[in-house]
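In: No letters, just coordinates:
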């Protein structure tokens, strides 16, 4: 009797002797995997926190130079000594200042946000007209899809539709809806010089009078205990009609005038705001996003159902165009996993049935879905999710799953064919292969564990690859050494050492001839001449290193994937008339649609035009200003960038844009994301 074939009452022996126990474990693995599959969140990327705090200050009517001098620099000087601060980046643009503070990984962001807020409150010399600084911890919201509302010519109608759709989506369960391209409104009170002279008042005096009468004031408390009520005078005007009814006191107080008698009151969009258009008509964009704890596919289902109901109720001139649907990538990756899994399963089954006994091949094949389901259960228990990275890792481990079961099943079958009893062969195969299979699995785990040590956002994203690989290996070990031996014992008992079929006999004979006549002589030659074998291995290693060192084999951390989005931006010198900018944009749109038609049509899904959006770009070296500062104990420099203007904001072409302490400026996508979350 060979070593390892003696029955023992350890865990391997118990499960090999009692197939019912193996079936129960397999059933538990399948049920737990099915439960985990219904509970696991689906998202585009793994969940990770952004260690960023933003400070946003709005100063209406100020140029970028004034914002930088009066707001950005004073706040920077106060914030650069914040504890644990890693990097600080500031953006000065027309009407607004944005300061981005980055902290090291592992920082308590609640405490960091409080520290930043305290420092900002300590700044006392901000302009009087500047609004209260907004300090926020940037929270990562994952996009679902974007909706473009277009059709009506009246921007006011688009505004009402956008607010209505936002409320409906939030009520249905979409975590966040951001409205883009909808300019903020203001109430403008315009008086002519003749009217001011007739009133014998200055414009400032009229403004102070409006402020005194348009305000909500507390009026104390009436009653005591349970019947106490707070009194408040609600006089704040919020509509043009309300301001028209405000009284105006003249210098001699001889006449009682209303504001509408001397002023023109208009509700209008603020100048310099970003607006969108689609095919020459105004448009508004809704950006639907989900929270980090939400499910992308569930949010997409909510969005699709809402679209079907809303489109049926809209008038013919109002349209909703959906684009940039990020959830489709997750759905396609899941379909790819199922397709690859099915194709790989067919190939594995064919190869197993080609080389192994049919019963052994069947139980080895059953280990694939069982191990996958158990791996999903482990991912759920450890707080994982189904995302692009974890799905890639599952596809990658498809071949790893069956390796352990093949080794155990083939060894047990060999000993059974040599005359051992079914229990001894199955139990002995698992016991003999425990050490080598465990060593191989630990080697694979050791190769992936260093990815868990990568820090930063990239490390948080890549963490799912070793995490999924470890879960799959653990599930495969349980299936190979607890479930498979019991099934092999039952299968061997059913076989009763029967003679193989003629086809099986021919296949085994052909394999034996290849092993004995081709493979064995090659192995023996390699063993007899170890120096040649080692020299060949060393030469292969030198060749591999030479290909990388010589540049013949390039290195790319992330491969460049051809995208499906084209950006066209134009910058204009300061003072360019908006009419000229509008004419240029119309020409670009016309050329785009003519090109699409010439290429057969159906190429452009959405062509959205942004009006008034500044694009931040690097200045030539001779145009950059540098100022040395010392944040904490480190030396840093500040680079001034140029913000390119567009339609509606031609002055932005010469205004300052991005400054940075201690690092290059953010990329356009990073800055846009931070600006969106900060606003």
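Out: On my side now, so go ahead. Given the structure is predicted, the values throughout are model-derived calculations rather than measurements. Numbers count the residues shown, from 1 in each chain.

In: shaky segments in the stretch 101-250 of the chain?
Out: Along the stretch 101-250 of the chain, segments meeting pLDDT under 70 span 250.

In: Run through the strands of it in chain order.
Out: 134-137, 142-150, 176-180, 185-190, 216-222, 229-234, 247-249 (DSSP state E, counting those that start in this stretch).

In: Looking at these, which one is packed in the most?
Out: Among those, strand 142-150 has the highest mean neighbour count (mean count of other CB atoms under 10 Å), at a mean of 22. Quick note: C-beta positions are derived from backbone N, CA and C, even for glycine.

In: what lines up beside that one in the sheet?
Out: Looking at strand 142-150 with DSSP bridges, its partner strands are strand 281-290 (antiparallel), strand 319-323 (antiparallel).

In: would you list those in a markdown table and tack on mean pLDDT, distance to residue 92 and mean neighbour count?
Out: Shown next, in a markdown table, are the strands paired with strand 142-150 (pLDDT from 0 to 100; distance: least, CB to CB, whole Å; neighbours: other CB atoms under 10 Å):
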| stretch | mean pLDDT | distance to residue 92 | mean neighbour count |
| --- | --- | --- | --- |
| strand 281-290 | 90 | 25 | 22 |
| strand 319-323 | 91 | 32 | 16 |
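
In: Go through these and name the closest to residue 386.
Out: Of all the strands paired with strand 142-150, it is strand 281-290 that lies closest to residue 386, at 13.9 Å by CB to CB.

In: which residue ranges form the helices in the stretch 201-350 of the chain?
Out: Using DSSP state H, counting those that start in this stretch, the helices of the stretch 201-350 of the chain run over 203-213, 240-244, 259-262, 296-313, 327-355.

In: Quick check: which of those helices is buried the most?
Out: Ranked by mean neighbours (mean count of other CB under 10 Å), the helices of the stretch 201-350 of the chain are led by helix 259-262, with a mean of 17.

In: who does it touch, helix- and strand-wise?
Out: Under the contact criterion of 3 or more CB pairs under 8 Å, 6 or more residues apart in numbering; DSSP states H and E, helix 259-262 touches helix 193-199, helix 240-244, strand 247-249.

In: Out of these, the one nearest residue 420 is which?
Out: If you check each of the helices and strands packed on helix 259-262 against residue 420 by CB to CB, helix 240-244 wins as the nearest, at 95.0 Å.

In: Can you name the residues in contact with the closest one?
Out: 187, 189, 210, 214, 237, 258-260, 265-267 (CB atoms under 8 Å, 6 or more residues apart in numbering).

In: These: which two are farthest apart?
Out: Pairwise across the contacts of helix 240-244, and taking CB to CB, the largest span is found between 258 and 267, at 17.5 Å.

In: What about residue 276, how many residues nearby?
Out: Residue 276 is flanked by 22 other residues according to other CB atoms under 10 Å.

In: Please report the distance of the closest residue to residue 406 other than its chain neighbours from residue 345.
Out: Setting aside the residues directly before and after it, residue 406 is nearest to residue 364 in space (CB to CB, 6 or more residues apart in numbering), at 5.8 Å. Residue 364 is 11 Å from residue 345, where distance means CB to CB, to the nearest Å.

In: Residue 404 too?
Out: Per CB to CB, residue 404 is found 17 Å from residue 345.

In: what's the spacing between residue 213 and residue 236?
Out: On the measure of CB to CB, residue 213 and residue 236 end up 10 Å apart.

In: Who are the contact partners of residue 564?
Out: Neighbour list for residue 564: empty [criterion: CB under 8 Å, 6+ apart].

In: go on, residue 170?
Out: With contact taken as CB under 8 Å, 6+ apart, residue 170 is in contact with residue 177.

In: for the one 4 residues further on, same thing?
Out: For residue 174, the contact set (CB under 8 Å, 6+ apart) comprises 144, 288-290, 299, 302-303.

In: Distance of it relative to residue 421?
Out: Look at residue 174 and residue 421: by CB to CB, they are 63 Å apart.

In: Also residue 408?
Out: Per CB to CB, residue 408 is found 17 Å from residue 421.

In: which of these two has more neighbours?
Out: Set side by side, residue 408 and residue 421 show more neighbours around residue 408, with 27 against 18, by other CB under 10 Å.

In: Is that one part of a helix or strand, or is it coil?
Out: Of the three states, residue 408 takes helix according to DSSP: H, G, I helix; E, B strand; the rest coil.

In: Equivalent analysis for residue 54, please.
Out: Assignment for residue 54 (three-state DSSP): strand.

In: who's it bridged to?
Out: residue 100, residue 136.
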